[in-house]
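> turn this into a model:
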Amino acid sequence: MTDSVLRSKSKGFAKEIVLFCRKMKQQGVESALLNQLLRSGTSVGANIHEAQGTKDFISKFEIALKECNESEYWIELLYDVDGVEKQEFERLTFSPGRSLLCEKTGSLRRIRRRCGLETVRAEKP
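Residues are numbered from 1 along each chain as shown. Predicted coordinates:
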């Protein structure tokens, strides 16, 4: 998968988050929670777009994964406490941008090894 696809899908995830937060704000959902989701959800694509070079890409991608996980937390919390509809919850939790990041985690490990940034751990006997 090319970097342009990753950039495009992560930007798509950010757009989904912005639209979702806008909609939820109109419905009176707790703004502090929405602000947290908005911050973490848009940070995913921003970090991927910002990466320059292999080592920087690795660093930014790791941050993007953390932000993606944080976004999932806020989506789950909004679902649990503020009555976000199940369909909306599933749409965001299983969005193509988020799924792509999860799939790319294995690729990230391979890149780190190739760059000598991660050692292969020996299995315990």
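> so where's this structure uncertain?
Where the chain drops to pLDDT under 70, the residues are 1-2, 94-112, 114-125.
> now do 80
For the chain, the stretches with pLDDT under 80 are 1-5, 82-86, 88-125.
> hey, where'd the helices end up in it?
Using DSSP state H, the helices of the chain run over residues 3-26, 31-50, 53-81, 86-93, 96-114.
> so which of those has the densest surroundings on average?
helix 31-50 (a mean of 19; mean count of other CB atoms under 10 Å). Quick note: C-beta positions are derived from backbone N, CA and C, even for glycine.
> quick one: contacts of that one?
6-7, 10-11, 13-14, 16-18, 20-21, 24-25, 60-61, 63-64, 67-68, 70-71, 74-75, 77-78, 81-82, 97-98, 101 (CB atoms under 8 Å, 6 or more residues apart in numbering).
> now do that helix: distance to the chain's middle.
8 Å (CA atoms, centre = their mean, to the nearest Å).
> the inter-axis angle of that helix versus helix 3-26?
If you take axes from the mean of the first three to the mean of the last three CA atoms, to 10 degrees, helix 31-50 sits at 170 degrees to helix 3-26.
> quick one: helix 31-50 to helix 86-93, angle?
30 degrees.
> chain center to stretch 79-92: distance?
17 Å.
> do stretch 58-78 as well
On CA atoms, centre = their mean, the centre of stretch 58-78 falls 5 Å from the chain's centre.
> only alpha carbons, please: show it as PDB.
Taking C-alpha atoms only, stretch 58-78 is exported to PDB below (Å, rounded to 0.1, in the frame of the first residue of the first chain):
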ATOM      1  CA  ILE A  58       8.300   5.500  12.000                       C
ATOM      2  CA  SER A  59       8.100   8.000  14.900                       C
ATOM      3  CA  LYS A  60       5.000   9.800  13.500                       C
ATOM      4  CA  PHE A  61       3.300   6.500  12.700                       C
ATOM      5  CA  GLU A  62       3.800   5.300  16.200                       C
ATOM      6  CA  ILE A  63       2.200   8.500  17.500                       C
ATOM      7  CA  ALA A  64      -0.600   8.100  15.000                       C
ATOM      8  CA  LEU A  65      -1.300   4.600  16.300                       C
ATOM      9  CA  LYS A  66      -1.500   5.900  19.900                       C
ATOM     10  CA  GLU A  67      -3.800   8.700  18.800                       C
ATOM     11  CA  CYS A  68      -6.000   6.200  17.000                       C
ATOM     12  CA  ASN A  69      -6.200   4.100  20.100                       C
ATOM     13  CA  GLU A  70      -7.100   7.200  22.200                       C
ATOM     14  CA  SER A  71      -9.800   8.100  19.600                       C
ATOM     15  CA  GLU A  72     -11.300   4.600  20.000                       C
ATOM     16  CA  TYR A  73     -11.400   5.100  23.800                       C
ATOM     17  CA  TRP A  74     -13.300   8.400  23.400                       C
ATOM     18  CA  ILE A  75     -15.700   6.900  20.900                       C
ATOM     19  CA  GLU A  76     -16.400   4.000  23.300                       C
ATOM     20  CA  LEU A  77     -16.900   6.400  26.200                       C
ATOM     21  CA  LEU A  78     -19.300   8.500  24.200                       C
END
